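Undergrad: sequence unavailable; structure follows:
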């Protein structure tokens, strides 16, 4: 069974940093794009950043310059380095993979990030 497992969330003060990881149980060759999304209480899920198989990266305006997305194909793992965190960044962060195998769309269970003021 294909799985995406996030880790690295936690509690941090405003201005601090965290690095999230998303480990995939399918080979990187089966994955096209991957992305990070957040879901805060009372809000809709939002896209934060994405990375293609060819390392093309895109960011939401709200995280541009603060967050960095990367992937290690040898480890089948994607990362999100989050710097200069703000209380508004508090949310459950989930990773997503668009794969070449069915059902093509895969989501992780999420990891909680809480930023205190």
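TA: Here it is on my side, so go on. Just so it is clear, the model here is predicted, and its values are computed rather than measured.

Undergrad: pick out the residue nearest the middle of the chain.
TA: residue 36 (2.9 Å; CA atoms, centre = their mean).

Undergrad: who's in contact with it?
TA: 20, 22, 47-50, 67, 69, 78, 80, 93-96 (CB atoms under 8 Å, 6 or more residues apart in numbering). Using the backbone N, CA and C atoms, a C-beta is placed for each residue, glycine as well.

Undergrad: quick check: which element contains it?
TA: Per DSSP states H and E: residue 36 is located in strand 31-39.

Undergrad: buried sites along the helix or strand just after that strand?
TA: As assigned by DSSP H and E, the chain's next helix or strand after strand 31-39 is strand 46-51. Applying a neighbour-count criterion of 16 or more other CB atoms under 10 Å, the buried positions in strand 46-51 are 48-51.

Undergrad: which among those residues gets closest to residue 88?
TA: The closest of those to residue 88 turns out to be residue 48 (CB to CB; 12.2 Å).

Undergrad: show me where the protein has helices.
TA: Assigned by DSSP state H, the chain shows no helices.

Undergrad: thinking again about what came up before, in the strand holding residue 36, which residues are buried?
TA: 31, 33-38.
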